[in-house]
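K.L.:
return a 3D structure for these sequence lines:
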Amino acid sequence: MSAEDQLNYVWKYFEPFKGRLNNLGDVYMAILWPKAVGQPDSYVLFNSGVAYRQNAGLDVDKNGAVTRGECLVKVKEKLTKGLAQAG
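P.N.:
Predicted coordinates for the structure are as follows:
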């Protein structure tokens with residue numbers, strides 16, 4: 001499948017979020033946890049069970065709850081690094 005063909009799938013995936021993706025956090029949440037699109041950074045995504053265990057590495061303050069803001073820490077770090085390398 002070509003890159004252009006793949007973008008058609010990306011377009012279709014994001015289409016239901018049209019008008020709701022207002023920042024980097026919303027875009028990332030559309031991928032990771034769509035219920036968190038448009039929520040504040042204090043919104044808790046995972047705090048128990050398998051979902052928490054699979055995402056415990058995102059729990060920056062290790063309090064047993066992964067918030068939207070904590071998820072964005074990693075994304076912002078990668079963005080900053082990528083922008084610095086692009087330079």
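
K.L.:
how about the strand or helix carrying Ala51: buried residues?
P.N.:
Ala51 is part of helix 49-55, with elements assigned from DSSP states H and E. Buried residues in helix 49-55, counting neighbours by 16 or more other CB atoms under 10 Å, are found at 52, 55. Every C-beta, even on glycine, is put in place using the N, C-alpha and C of the backbone.

K.L.:
how far does the helix or strand just after it sit from the chain's center?
P.N.:
Proceeding N to C from helix 49-55, the next assigned helix or strand is strand 66-67, under DSSP H and E. From the chain centre to the centre of strand 66-67 is a distance of 11 Å (CA atoms, centre = their mean, to the nearest Å).

K.L.:
stretch 1-11 too?
P.N.:
For stretch 1-11, the distance to the chain centre is 20 Å (CA atoms, centre = their mean).

K.L.:
restrict that stretch to CA atoms and write it as CSV.
P.N.:
Provided in CSV are the C-alpha atoms of stretch 1-11 (Å, rounded to 0.1, in the frame of the first residue of the first chain):
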residue,chain,number,x,y,z
MET,A,1,0.0,0.0,0.0
SER,A,2,1.4,3.4,-0.9
ALA,A,3,1.8,6.2,1.5
GLU,A,4,-1.0,8.1,-0.3
ASP,A,5,-3.3,5.1,0.1
GLN,A,6,-2.5,4.9,3.8
LEU,A,7,-3.4,8.5,4.2
ASN,A,8,-6.9,7.7,3.0
TYR,A,9,-7.3,5.4,6.0
VAL,A,10,-5.9,8.1,8.3
TRP,A,11,-8.4,10.6,6.9
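
K.L.:
does anything pack onto whichever helix or strand Gln85 is part of? Which helices or strands?
P.N.:
Per DSSP H and E: Gln85 is located in helix 68-86. Helices and strands touching helix 68-86, by 3 or more CB pairs under 8 Å, 6 or more residues apart in numbering; DSSP states H and E, are helix 24-32.

K.L.:
with that, I have no additional questions.
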